[in-house]
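Participant: Requesting a structural model of the entry that follows:
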Amino acid sequence: MHMSFWRATMAAACFALISDAAVSQQIAPLPPPMGTPRDVAYPAGPITLDVDATDTAHRIFRAHEIVPVAPGQPITLLYPQWLPAHHSPTGPIYQLTGLQVRANGQLISWRRDTVDVFAFHIDVPAGVNALDLHFQYASPTAAAQGRITMTDAMLNLPFSAVVLYPAGYYAARIRVTPSVTLPEGWTGYTALDGARRDGATTHYAQTALDILVDSPLYAGAYTRVVDLDPHGPAPVRLDLVADRPDELEMTPAQIDAHRNLVTQAYRLFGSHHYDHYDFLLSLSDRLGGNGTEHHRSSEDGRDGDYFTSWDTYSSGRDLLPHEYTHSWNGKYRRPFDLWTPNYDTPMQDTLLWVYEGQTQYWGFVLAARSGLHSRQQALDALALVAATFQARVGRAWRPLEDTTNDPIIAERRPQGWRSWQRSEDYYSEGQLIWLDADTLIRERTHGARSLDDFAKAFFGVNNGAYDEDTYTFDDVVAALNRVTPYDWASFLHQRLDTFGGSAPLDGLARGGYRLVFTDTRSNYQRDQESHSKTADFMYSLGLSLGQDGVIGQVQWDSPAFNAGMFVGATVLAVNGDAYSADALRRAVAAAKTGHDPIALLVKNGDQYRTYAIDYHDGLRYPHLERLPGGADRIGAIFAARGR
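Facilitator: Have a look, this model is predicted:
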């Protein structure tokens, strides 16, 4: 056979095989879409939901749900996916287990959607008007599995984790009658109405699904309630659950500071958006920390010594002001693309720099105005924020507005190079933008107006309402212009959309201060590091360390970075001596007058290596220093408001 003929024959055969293979490949058809939810009442009637939360040994919540249905009509049940306040599809579907569906005593099969795995399709037999569901929410038993929500002494029940609901309807148009059974002797707290005790079981009034999901429950063996507004327009309570009874002790001054928070919030916003409000606060070293906003409550978690170590735990006190602010900003006034009709409609996060950024701003301000922070603590906390974002080199490639996608992109996973990658910077860089705006308004109006006026006009509308009132970027700009005319659109775009440039620190100078660094930590930073068991060298060596020398952060392009160091490794020794935070501080201080690099012995897995960091500028810790002359606008911002 001639070689060219043979090659041509083989090429034709191969082409035929490839063509046949291509023809045989098929694209899998997608399941039909769920359809757009309708703003009509779910016609089959209210769902009954009973939750047994007594299995604290195994950390299991057991749900029994009765869902009325139309006989002979297929139904799709959804597990909440896009959770309000999470800004992302973080519903814990992987922890839903043991699902069984029965009707008239007979087991009925279900089919999970192969694309939307939060959806369960069920063919309802003729003659069946209700489905009987049993399933469990297998909550984490170790931190590696997720946030701990149940311990031997307390629990945090998110109703979104224990409910399936019919597709095709607004969550507000689906009715649910819930009940919860707690361990014997425990007390539960929630914003749900109509509580009626029957032994260990509490029955609540029938409510809409969106209110149920927005009303989590805290419960525990050791509890206390403090009335924070005895003579106010609506009840506001501090509902405490603790690991031990002694952690519930509060001084009169501590109670007054929390009561002042309510007073100062009313003076800021001039309204309230609830008929009652519950701060659900866990004091625990075992339950996972938390900070989640709701309309008529908030889920708050602090360490067990929140009150008992008050004088050395100042860094934990802006949480409640932040979450409380969300009742106005985020829950009532809500970005238009974060309002969705149900929990399986995707959210968009473009306005989180308002939702979270301005809330972060008011959280710091209200902490100062209420006395939860002293004036000096408020200034020291602001200095740490300013220093963080002055050093945020990731601004070179990524604008702030893009970080609003992080709840969806990263879902708060740990990052190796946060200063370069950026992660949800809309919180605290957003805070600096709003400080900039506040001081600019005060400057332009000679102190006659401020961002307080924006807050009252924008978030304080419709006193007493607690539905949702959405807003857009243009609404924010228009409201700012009503406070004082200015090119606010350009002001915001310059800080949100642009690449590179410096941190938005103009508000510091306009507020009467400048960021400086000294070799001494502020008391606020000292307390923060002591309580969190960390050591911060971010503005000197360019790294921070956790307990036992584990590296928690490395600043991009810092001396530590350039020496080759990275997150997750463990520092064992400093210049030949066993590691301690004080030993490293002494070494950094000594290197300022020496020429030798700082030698760090580092362990990574089963490997050991010594890193030489050639750094000689000494310890550097951030502070705010008063500028000579000019108005102390930041001091005025932090000052408590009178009547």
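Participant: For the rest of this, base every contact and every neighbour count on C-alpha atoms.
Facilitator: Fine.
Participant: which residues in the stretch 301-450 of the chain form strands?
Facilitator: 333-335 (DSSP state E, counting those that start in this stretch).
Participant: now it, which segments are flagged as low pLDDT?
Facilitator: Applying pLDDT under 70 to the stretch 301-450 of the chain flags no residue at all.
Participant: And the helices in the stretch 1-150 of the chain?
Facilitator: 3-24 (DSSP state H, counting those that start in this stretch).
Participant: quick one: the strands in it?
Facilitator: Taking DSSP E, counting those that start in this stretch as the criterion, the stretch 1-150 of the chain contains strands spanning 47-55, 60-68, 75-78, 96-103, 106-108, 111-112, 119-122, 130-138.
Participant: May I have the strands that pair with the shortest one, each with its orientation?
Facilitator: Spelled out, it's strand 111-112. In the sheet containing strand 111-112, its partner strands are strand 119-122 (antiparallel), by DSSP bridges.
Participant: So residue 108 sits against residue 121, correct?
Facilitator: No - Residue 108 is beyond contact range of residue 121, at 10.9 Å (criterion: CA atoms under 8 Å).
Participant: so which of the strands of the stretch 1-150 of the chain comes closest to residue 203?
Facilitator: Residue 203 lies closest, by CA to CA, to one member of these: strand 47-55, at 8.8 Å.
Participant: can you pull the buried residues of that closest one?
Facilitator: 47-54 (16 or more other CA atoms under 10 Å).
Participant: repeat for stretch 586-597
Facilitator: 587-591, 597.
Participant: which one of the strands of the stretch 1-150 of the chain lies closest to residue 542?
Facilitator: Minimum separation from residue 542 across those (CA to CA) falls at strand 130-138, 40.3 Å.
Participant: coming back round to it: same list, the buried residues of strand 47-55, but as TSV with distance to residue 322 and pLDDT please.
Facilitator: Below are these laid out as TSV (distance: CA to CA, whole Å; pLDDT from 0 to 100):
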residue	distance to residue 322	pLDDT
47	34	98
48	34	98
49	31	98
50	32	98
51	30	98
52	32	98
53	29	98
54	32	98
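Participant: what's the least confident helix or strand in this structure, going by average pLDDT?
Facilitator: Every helix and strand in the chain was compared by mean pLDDT, DSSP states H and E; the lowest is helix 3-24, with a mean of 49.
Participant: Dump the strands of the stretch 1-150 of the chain into TSV; add distance to residue 313 as well.
Facilitator: Shown next, in TSV, are the strands of the stretch 1-150 of the chain (distance: least, CA to CA, whole Å):
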stretch	distance to residue 313
strand 47-55	32
strand 60-68	33
strand 75-78	42
strand 96-103	37
strand 106-108	54
strand 111-112	47
strand 119-122	44
strand 130-138	33
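Participant: Of the ones you listed, which is nearest residue 215?
Facilitator: For the strands of the stretch 1-150 of the chain, the distance to residue 215 is smallest for strand 47-55, at 14.2 Å, taking CA to CA.
Participant: Starting from the closest one, tell me which strands it pairs with and how they run.
Facilitator: strand 60-68 (antiparallel), strand 175-181 (parallel).
Participant: Return the distance of the first one from the chain's centre.
Facilitator: With CA atoms, centre = their mean, to the nearest Å as the basis, the distance from the averaged C-alpha position of strand 60-68 to the chain average is 27 Å.
Participant: now the last one
Facilitator: On the basis of CA atoms, centre = their mean, strand 175-181 is displaced by 26 Å from the centre of the chain it belongs to.
Participant: Run through the helices of the stretch 151-300 of the chain in chain order.
Facilitator: Taking DSSP H, counting those that start in this stretch to define them, one finds helices in the stretch 151-300 of the chain at 209-213, 252-269.
Participant: ok now stretch 168-186, how far from the chain's centre?
Facilitator: In terms of CA atoms, centre = their mean, the centre of stretch 168-186 is found 23 Å from the chain centre.
Participant: For residue 136, list each beta-bridge partner.
Facilitator: The partner list for residue 136 in beta bridges (DSSP bridges) reads residue 62, residue 97.
Participant: Start the count at 55 instead of 1 going forward.
Facilitator: That works, and once the first residue is 55, the last one we named lands at residue 190.
Participant: I'd like the distance between residue 459 and residue 528.
Facilitator: Using CA to CA, to the nearest Å, one obtains 20 Å as the distance from residue 459 to residue 528.
Participant: who's more crowded, these two?
Facilitator: It is residue 459, of residue 459 and residue 528, that has more neighbours when counted by other CA atoms under 10 Å, with 20 against 11.
Participant: didn't residue 490 look like it was pressed against residue 566?
Facilitator: No - the pair residue 490 and residue 566 does not pass the contact test of CA under 8 Å, sitting 11.8 Å apart.
Participant: joint contacts of the two?
Facilitator: Residues touching both residue 490 and residue 566 do not exist when contact is defined as CA atoms under 8 Å, 6 or more residues apart in numbering.
Participant: now do the same end-to-end measure for stretch 434-454.
Facilitator: Distance across stretch 434-454, first residue to last, is 24 Å (CA to CA).
Participant: Can you tell me what sits against it?
Facilitator: For stretch 434-454, with CA under 8 Å, 6+ apart as the criterion, the contacting residues are 369, 473-476, 479-480, 482-483, 486, 549-557, 559, 569, 576, 578-579, 610, 676-678.
Participant: Quick one: neighbours of the closest residue to residue 377 other than its chain neighbours, just the number.
Facilitator: Of all residues beyond its chain neighbours, the one nearest residue 377 is residue 347 (5.2 Å), with distances taken as CA to CA, 6 or more residues apart in numbering. Here the count is done by other CA under 10 Å, and residue 347 has 26 residues near it.
Participant: Residue 347 against residue 381, yeah?
Facilitator: Yes - the pair residue 347 and residue 381 passes the contact test of CA under 8 Å, sitting 7.1 Å apart.
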